[in-house]
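Participant: Using only what follows, build the 3D model:
(one chain, ligands or ions: 1)
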Amino acid sequence: MMIELQNVSKSFTLHNQGSAVIPVMEGATLSVKPGECVGLVGASGAGKSTLMRLIYGNYLAASGSILVGGTDVAQAEPREILELRRKTLGYVSQFLRVVPRVPALDVVAEPLLSVGTPIEEAREKAAQLLTGLNIPDRLWSLSPTTFSGGEQQRVNIARGFAYDYPALLLDEPTASLDAQNRATVLGLIEGAKARGAAIVGIFHDEAAREQVCDRFVDVSGFTPRAAA
Ligand SMILES: Nc1ncnc2c1ncn2[C@@H]1O[C@H](COP(=O)(O)OP(=O)(O)OP(=O)(O)O)[C@@H](O)[C@H]1O
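Facilitator: Numbering: from 1, shown residues only. As a prediction, this is how the structure comes out:
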């Protein structure tokens with residue numbers, strides 16, 4: 001298994017409400033093999049995003065284990081999590097976190113450079129992805145700060161697919177894309193599966209999830225009874 005969660009639980013402490021502890025997840029168990037794409041489903045508020053953030057190490061689990069390529073994210077030191085994100089685990093979030101003054105081409109090439117890819121090769125791959133996602137080359141030397149929402153989203157996707165991560169988290173990767181770009185992104189996901197990536201995704205786009213997901217996990221099964 002590339003991604004393996006066992007009995008993961010999570011609660012939030014609301015410090016502005018008398019430190020009330022709200023359990024939001026209990027007994028979350030999930031395994032994803034190389035080449036497999038698992039779609040997270042369940043009603044709004046069931047915990048799909050929370051589960052993704054736990055896997056990426058943004059949230060600390062209260063208990064359980066979260067193995068990604070052999071590293072237990074639930075126990076790992078911050079340094080190990082950064083290493084995991086560099087080499088093993090990619091995350092395409094819904095929005096690009098724009099770094100001011102960095103040209104779009106370098107934003108996309110950066111994950112490749114951070115694993116030691118030669119700059120020409122990294123930029124070549126970035127250019128190929130930006131072209132495929134219809135970002136005109138006159139924009140490549142500009143910071144995405146001023147790009148439209150849709151352009152920023154496509155730069156974000158290009159960045160997420162620049163390096164071939166063995167494990168990938170996708171949060172609504174096709175949301176608000178036009179038909180042509182949506183098809184390109186679905187092709188990137190299928191390509192990642194074909195080279196053996198283990199993928200966990202949230203897709204509100206039903207046709208998209210039917211096309212790329214091998215199976216679905218309903219996170220409502222992990223909602224604590226008291227909170228349901
Ligand atoms: N930082 C937080 N502090 C307190 N409660 C939170 C926090 N983040 C999420 N929650 C709660 O955890 C539960 C799960 O939220 P989550 O965002 O994971 O749901 P979701 O399934 O992704 O929903 P949606 O489909 O609407 O995005 C919700 O009840 C939410 O209110």
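Participant: hmm, stretch 87-94 touching the ligand?
Facilitator: No - interface with the ligand: stretch 87-94 contributes nothing (C-beta under 6 Å from any ligand atom), its closest point being 9.7 Å away. (C-beta placed from N, C-alpha, C; glycine too.)
Participant: How far off centre is that stretch?
Facilitator: Averaging C-alpha positions (C-alpha atoms, centre = their mean, to the nearest Å) puts stretch 87-94 4 Å from its chain's average.
Participant: and for it, what are the contacting residues?
Facilitator: Under the criterion C-beta atoms under 8 Å, 6 or more residues apart in numbering, residues 52, 55-56, 68-69, 71, 85, 111, 115, 153, 156-157, 160-161, 163, 165-173, 175 lie in contact with stretch 87-94.
Participant: Show the average pLDDT along the longest helix anywhere in the chain.
Facilitator: If each helix of the chain is counted by residues according to DSSP state H, the longest one is helix 179-194. Taken as a whole, helix 179-194 carries a mean pLDDT of 97.
Participant: Mind exporting the C-alpha coordinates of that helix to CSV?
Facilitator: Written as CSV, here are the backbone C-alpha positions of helix 179-194 (Å, rounded to 0.1, in the frame of the first residue of the first chain):
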residue,chain,number,x,y,z
ALA,A,179,-14.6,21.4,-21.0
GLN,A,180,-11.3,21.3,-22.8
ASN,A,181,-9.1,22.0,-19.7
ARG,A,182,-11.2,19.6,-17.7
ALA,A,183,-10.4,16.9,-20.2
THR,A,184,-6.7,17.8,-20.0
VAL,A,185,-6.8,17.5,-16.2
LEU,A,186,-8.6,14.1,-16.3
GLY,A,187,-5.9,13.0,-18.8
LEU,A,188,-3.2,14.1,-16.3
ILE,A,189,-4.9,12.1,-13.6
GLU,A,190,-5.1,9.0,-15.8
GLY,A,191,-1.5,9.4,-16.7
ALA,A,192,-0.5,9.6,-13.1
LYS,A,193,-2.4,6.4,-12.3
ALA,A,194,-0.8,4.7,-15.3
